[in-house]
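Engineer: I'll drop the sequence and a predicted model, then ask my questions.
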Amino acid sequence: MGSLFDGIGGFPLAAVRAGIIPIWASEIEGFPIEVTKQHFPNMLHVGDITKLCGADLPPVDIICGGSPCQDLSVAGTRHGLDGARSGLFMEQIRLTKEMRSADILRGRSSESVRPRWFVWENVPGAFSSGTPKYEDFRIVLEEIVGVKGDPIHVYRSYSWPWQSAGHMRVGDEFSLAWRVLDAQYWPRTPQRRRRIFLVADFGGQTAPEILFEQKSLPWHPAQGEGAWQTAAGAVEVGFDGPGGLDPDGVPNNRDEGISHQSEG
């Protein structure tokens with residue numbers, strides 16, 4: 001695994017507990033780097049994400065990162081992906097494309113191209129930020145789908161907010177899923193801290209299984225899973241989630257799904 005926006009090593013810690021080896025991390029702040037050097041002495045520190053070239057990085061199966069949230073959060077500037085900090089999500093996309101292109105040149109193909117899995121974490125405010133409103137998360141989905149190859153336009157209705165859980169499939173060789181998880185339902189984390197976790201599989205259909213079927217872990221499953229799904233051509237999009245209002249002010253009161261159409 002390679003960890004972007006590494007901080008004090010949250011993703012590497014989760015990785016080693018799941019039997020995954022953290023190979024390298026990208027972080028610019030001195031103190032967090034010293035912390036991770038103590039806990040992960042064999043993990044390479046590669047520096048500033050904006051100065052990295054994916055083709056030069058050691059290949060990894062998983063690339064993960066929680067890009068800066070300040071421009072997405074309702075407590076922040078709300079500049080969205082146009083902001084200088086939250087816009088660094090595009091660097092994660094760039095690196096992933098460069099790494100996969102380099103692996104293809106090494107002779108790999110199909111599901112063997114690395115990184116195969118992409119993980120993104122951020123605040124629920126990402127569902128509602130952007131101009132027009134709700135646009136940023138649509139861009140996130142579209143950019144991640146585009147890593148696989150030819151771009152596919154992701155459509156959505158701006159009459160409704162994004163749901164707190166959902167999935168996408170493009171043919172048989174790409175899947176993506178997201179859901180909002182709350183730290184209070186994990187052991188030894190009593191505070192309420194809700195975050196979007198998104199998983200993409202560039203080589204198969206494992207993303208919904210990874211995110212929705214973690215039966216061995218203690219957690220509080222989201223309400224309303226499996227509420228509905230709809231297919232449009234080669235692209236299948238589904239949404240699940242509870243009603244009400246989430247802590248970042250995103251209304252979530254829909255009882256039925258909205259048809260989505262995509263070009264592919």
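Structural biologist: Looks like it arrived, so ask away. Residues are numbered from 1 along each chain as shown.
Engineer: mind listing the strands for the stretch 1-150 of the chain?
Structural biologist: All strands of the stretch 1-150 of the chain, identified by DSSP state E, counting those that start in this stretch, fall at 2-4, 24-25, 44-45, 62-65, 117-122.
Engineer: Most tightly packed of those strands?
Structural biologist: Most buried of the strands of the stretch 1-150 of the chain by mean neighbour count (mean count of other C-beta atoms under 10 Å) is strand 2-4; its value is a mean of 28. To be clear about C-beta, it is placed using only N, CA and C from the backbone, and glycine gets the same treatment.
Engineer: That strand pairs with which strands, and in what direction?
Structural biologist: strand 24-25 (parallel), strand 62-65 (parallel) (DSSP bridges).
Engineer: Measure how far the first one is from the centre of its chain, please.
Structural biologist: Right, strand 24-25. Per C-alpha atoms, centre = their mean, to the nearest Å, the displacement of strand 24-25 from the mean C-alpha position of its chain is 17 Å.
Engineer: what mean pLDDT does that strand have?
Structural biologist: The average pLDDT within strand 24-25 is 98.
Engineer: on that earlier part again, between the strands of the stretch 1-150 of the chain, which one is closest to residue 177.
Structural biologist: Counting by C-beta to C-beta, residue 177 lies closest to strand 117-122 out of the strands of the stretch 1-150 of the chain; the figure is 10.8 Å.
Engineer: Could you list the paired strands of that closest one along with their orientation?
Structural biologist: Looking at strand 117-122 with DSSP bridges, its partner strands are strand 62-65 (parallel), strand 194-201 (antiparallel).
Engineer: Run through the neighbouring helices and strands of whichever helix or strand comes after the last one.
Structural biologist: Going down the chain from strand 194-201, the next helix or strand is helix 207-212, by DSSP states H and E. Contact partners of helix 207-212 among helices and strands, from 3 or more C-beta pairs under 8 Å, 6 or more residues apart in numbering; DSSP states H and E: strand 165-170, strand 175-182, strand 194-201.
Engineer: now for the second one, which elements pack on it?
Structural biologist: In terms of contact count using 3+ C-beta pairs under 8 Å, 6+ apart, strand 175-182 is assigned the packing partners helix 135-147, strand 165-170, strand 194-201, helix 207-212.
Engineer: try 10 Å this time
Structural biologist: Judged by 3 or more C-beta pairs under 10 Å, 6 or more residues apart in numbering; DSSP states H and E, strand 175-182 is in contact with strand 117-122, helix 135-147, strand 165-170, strand 194-201, helix 207-212, strand 235-240.
Engineer: contacting residues for the residue nearest to residue 20 when sequence neighbours are not counted?
Structural biologist: Excluding the flanking residues, the one nearest residue 20 by C-beta to C-beta, 6 or more residues apart in numbering is residue 1, at 5.2 Å. Residues near residue 1 by C-beta atoms under 10 Å, 6 or more residues apart in numbering: 11-12, 14-16, 18, 20-25, 43, 60-64, 115, 117, 119.
Engineer: Residue 119 too?
Structural biologist: Neighbouring residues of residue 119 by C-beta under 10 Å, 6+ apart: 1, 3-4, 11, 14, 62-66, 92, 197-200, 207, 210-211.
Engineer: Any idea how far stretch 123-143 is from the middle of the chain?
Structural biologist: The chain centre lies 12 Å from the centre of stretch 123-143; the measure is C-alpha atoms, centre = their mean.
Engineer: Please export the C-alpha coordinates of it as PDB.
Structural biologist: Taking Å, rounded to 0.1, in the frame of the first residue of the first chain, the C-alpha atoms of stretch 123-143 are listed here in PDB:
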ATOM      1  CA  VAL A 123     -15.800  14.800   5.400                       C
ATOM      2  CA  PRO A 124     -19.500  14.400   4.500                       C
ATOM      3  CA  GLY A 125     -19.400  18.100   3.500                       C
ATOM      4  CA  ALA A 126     -18.000  16.800   0.200                       C
ATOM      5  CA  PHE A 127     -21.500  15.700  -0.700                       C
ATOM      6  CA  SER A 128     -22.900  19.200  -0.700                       C
ATOM      7  CA  SER A 129     -19.900  21.400  -1.800                       C
ATOM      8  CA  GLY A 130     -19.300  22.800  -5.300                       C
ATOM      9  CA  THR A 131     -20.900  25.100  -7.800                       C
ATOM     10  CA  PRO A 132     -23.700  24.200  -8.500                       C
ATOM     11  CA  LYS A 133     -24.300  22.500  -5.200                       C
ATOM     12  CA  TYR A 134     -23.500  18.800  -4.900                       C
ATOM     13  CA  GLU A 135     -21.100  19.100  -7.900                       C
ATOM     14  CA  ASP A 136     -17.800  18.200  -6.200                       C
ATOM     15  CA  PHE A 137     -18.800  14.700  -5.300                       C
ATOM     16  CA  ARG A 138     -19.900  14.100  -8.900                       C
ATOM     17  CA  ILE A 139     -16.500  15.300 -10.000                       C
ATOM     18  CA  VAL A 140     -14.800  12.900  -7.500                       C
ATOM     19  CA  LEU A 141     -16.700  10.000  -8.900                       C
ATOM     20  CA  GLU A 142     -16.000  11.000 -12.500                       C
ATOM     21  CA  GLU A 143     -12.300  11.500 -12.000                       C
END
